[in-house]
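next comes the sequence, and after it the predicted model I'd like to discuss.
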Amino acid sequence: MALAQDGVNGASEAMSVGQADARAANVADDSIPAAQAAEGQTVEPAAGAEAYKPLGPEWIKGQPESGKTSFQKQYSDIGEYGLWMHNAVLLPVITAITLLVLGLILWVIARYNRRRSPVASKSSHNTLIEIIWTILPVLILFVIAIPSITLLVRQYESPPKDALTVKVTGYQWYWGYSYPDNGGFEVISNMLDDEEAVKRGLPPKLAVDNRLVVPAGEPIRIQTTGADVIHSFAVPSLWFKLDAVPGRLNERQLTIKEPGIYYGQCSELCGVRHGYMPIAIEALPRPQFDAWVRAQGGTVGGEASDAKPAAADLQEPESSVEGAPGAGAPPTQLDSPAADAEV
Ligand SMILES: [Cu+2]
């Protein structure tokens, strides 16, 4: 359906219609009147809900900044540890080794050139030097191994049993976020077109219509899978990257320390619109998260079992359904400005 494609790239009117379709498919929340949805109020989930208000641009915390050369500021414990390892261990070690080798080269050039040292030394062994250049690298590797293995182990720590589960599905070329603990509804997340993003004060190419909303300050179980090809769910400011592979469920713990908006991108080349499936995570305090879940038609806590299935059924992978909202047009039909940029 052309509308859905327009919804990503084209005029905002077309987007509203596409969004309304997507909402109807994803969210069983009749409290959002279709008319309102068509008026451009559709961008954030459940804009009509009273309790939940999407965070504004002032809440953006994790995003790339121009002119920077290092990692983004970290908003998780594991991220802080990884960044510390980079800044306090790897960078000093690599700098010292580079300077030492550079110094040795300069010394040899200056001292042992043909003019100053016409007769070359015939020595072929020096036990002391050989011991030093064996022991020293071993010690360096040992020193690096301690924080490195610690970091590796921490990255694979399983989330606690009661952690909230969010299933992330990579589609060509957008993300789907479903909440099995909250009634199983799925939120479809498409990139906003540049004009719309700028209008809202959000970063173009990163801003999305529906964010991945999670509670802040508690462990979350992120599961990733791919609906069509391999994608990768990556958010630099949270030290998080996990491949989304078809037929396979990957899992990793994520704990975001404070409320805010954190941007990432698909990080596995997945086709022609790979560069246009950004990730926006919105971390909220628990009560606001619960309010958001209810606004989506989902359930909170133990309500799920006896409540009527409030949320819509899990979606088919949209990219496998012809004309589904958000599915995007086949590459040959791309006619948007964004498509031109890709050529
Ligand atoms: Cu992808």
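Received it, and whenever you're ready, just let me know what you need.

how close does Gln74 get to Val208?
Using Cβ to Cβ, to the nearest Å, one gets 22 Å for the distance from Gln74 to Val208. Every residue, glycine included, has its C-beta placed from N, CA and C.

over to Phe233?
Between Phe233 and Val208 the distance, using Cβ to Cβ, works out to 13 Å.

still on that earlier bit, Gln74 and Val208 - which one has more neighbours?
A direct count of neighbours by other Cβ atoms under 10 Å for Gln74 and Val208 places Val208 higher, at 24 against 19.

partner residues bridging Ile164?
Just to correct that, residue 164 is Leu rather than Ile. Each beta-bridge partner of Leu164 is listed here, defined by DSSP bridges: Ile220.

surely it is in contact with Gln223?
No: when contacts are counted by Cβ atoms under 8 Å, Leu164 is not listed as touching Gln223 (11.2 Å).

re earlier: which neighbours do Phe233 and Val208 share?
The overlap between the contact sets of Phe233 and Val208 (Cβ atoms under 8 Å, 6 or more residues apart in numbering) consists of Ile279.

now the residue in the stretch 51-200 of the chain that the ion sits nearest to. Nearest residue, chain neighbours left out?
Closest approach between the stretch 51-200 of the chain and the ion, counting by Cβ to the ion: Gly170, at 5.1 Å. Closest residue to Gly170 apart from its sequence neighbours, by Cβ to Cβ, 6 or more residues apart in numbering: His231 at 2.9 Å.

distance of that neighbour relative to Gly82?
His231 is 22 Å from Gly82, by Cβ to Cβ.

of those two, who's got more company?
Here His231 and Gly82 are set side by side on neighbour count (other Cβ under 10 Å), and the busier one is His231, at 31 against 19.

show me what contacts the more buried one?
With contacts defined as Cβ under 8 Å, 6+ apart, His231 is in contact with Gly170, Tyr171, Thr224, Asp243, Ala244, Cys266, Glu268, Cys270, Met277.

now do the last one against Thr150, distance only.
Meaning Met277. When distance is defined by Cβ to Cβ, Met277 is 33 Å away from Thr150.

more neighbours: which of these two?
Met277 (23 against 12).

hmm, that one is touching Gln265, no?
Yes: at 7.2 Å, Met277 counts as touching Gln265 under the criterion of Cβ under 8 Å.

around the ion, pick out the residues from the stretch 101-250 of the chain.
Taking Cβ under 5 Å from the ion as the measure of proximity, the stretch 101-250 of the chain contacts the ion at His231.

now with 6 Å?
Where the stretch 101-250 of the chain comes near the ion, counting by Cβ under 6 Å from the ion, the residues are Gly170, His231.

which residues in the stretch 101-250 of the chain form strands?
In the stretch 101-250 of the chain, strands defined by DSSP state E, counting those that start in this stretch lie at 164-171, 174-178, 186-189, 212-215, 219-226, 231-235, 240-244, 250-255, listed in chain order.

closest point of the stretch 101-250 of the chain to the ion, which residue?
The minimum distance from the stretch 101-250 of the chain to the ion, using Cβ to the ion, falls at His231 (3.3 Å).

how close does that residue sit to Arg248?
From His231 to Arg248 the distance is 12 Å (Cβ to Cβ).

over to Ile78?
In this structure, Ile78 and Arg248 are separated by 23 Å, where distance is defined by Cβ to Cβ.

one more: Leu254?
Here Leu254 is placed at a distance of 19 Å from Arg248 (Cβ to Cβ).
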